[in-house]
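Visitor: got a structure for you, letters missing:
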């Protein structure tokens, strides 16, 4: 049913999705502090923003024209701006669970005081949230796999997925004490990316042309830039360590520029 190119697209999306497992390993190995989370989120911002601006926009404009690519980039950004408020928010879900605990007479000292059942519920809610966020990323990896930027796109999204794995695995580990269950939950949440790639291959690929592919990549770049501004940056600022966030952004930018320069 799928040719070699399709299988390659599915492989890249699978590898990007499994990066949530890396976050899960970090969560069960050593509880990440705010400094580490800020650095990881900054790295994701640097990687994704650099890829979006340099490769998916500037290079695309030079090769395929300003107007169409700019419109496609703007449309991608606007799609995320419209959709983002409709997606469940991890922090809202967390506050709701904590609020439920307080109503039941639990001390307001934070998540540490929550019951195991509530922590497990929080982990499940986080997994659902991350699954919904990861699904369209599978589309992006699938589209990019037909160009030289495919591995870079998968790597960029993979870096972005590491903190998401931490968010899912940490409350599950705290609730169950089981590293296996926490890692399984983080991994399952990332598998929505190959699921998204599969949907793209089945329903969008038949209508794909060379120029449409470039427009889709440009819109993906716009969407990724919006993710950086509307999601990753605010989350990084909440860690209260702007220095670590900035160092992560610089590290991610330099790493991605080097990767693009050597043509990986």
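Guide: Noted; the coordinates are in hand. Model, not experiment: these values are computed from the prediction. Residues are numbered from 1 along each chain as shown.

Visitor: looking at the chain, which helix or strand does the model trust least?
Guide: The helix or strand of the chain with the poorest confidence is helix 90-103; it has a mean of 54 (mean pLDDT, DSSP states H and E).

Visitor: so what does whichever helix or strand residue 251 is part of touch, helix or strand wise?
Guide: In this assignment (DSSP states H and E), residue 251 forms part of helix 242-262. Helix 242-262 is packed against helix 34-50, helix 150-176, helix 233-237, with contacts defined by 3 or more C-beta pairs under 8 Å, 6 or more residues apart in numbering; DSSP states H and E. Bear in mind the C-beta positions are built from the backbone N, C-alpha and C, glycine included.

Visitor: mean pLDDT for those helices: which is lowest?
Guide: By mean pLDDT, the lowest-scoring of the helices and strands packed on helix 242-262 turns out to be helix 150-176, with a mean of 83.

Visitor: Now do that one: which elements does it pack against?
Guide: helix 4-17, helix 19-29, helix 34-50, helix 116-144, helix 179-190, helix 210-227, helix 242-262.

Visitor: Let me see the contact set for residue 38.
Guide: Residue 38 is in contact with 236, 239-242, 244-245, 248, counting by C-beta atoms under 8 Å, 6 or more residues apart in numbering.

Visitor: Pull out the buried members of these.
Guide: In the contacts of residue 38, burial by neighbour count holds for 236, 239, 241, 244-245, 248, counting by 16 or more other C-beta atoms under 10 Å.

Visitor: okay if I get those as TSV plus distance to residue 84?
Guide: TSV is the format used below for those (distance: C-beta to C-beta, whole Å):
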residue	distance to residue 84
236	16
239	20
241	24
244	25
245	20
248	22
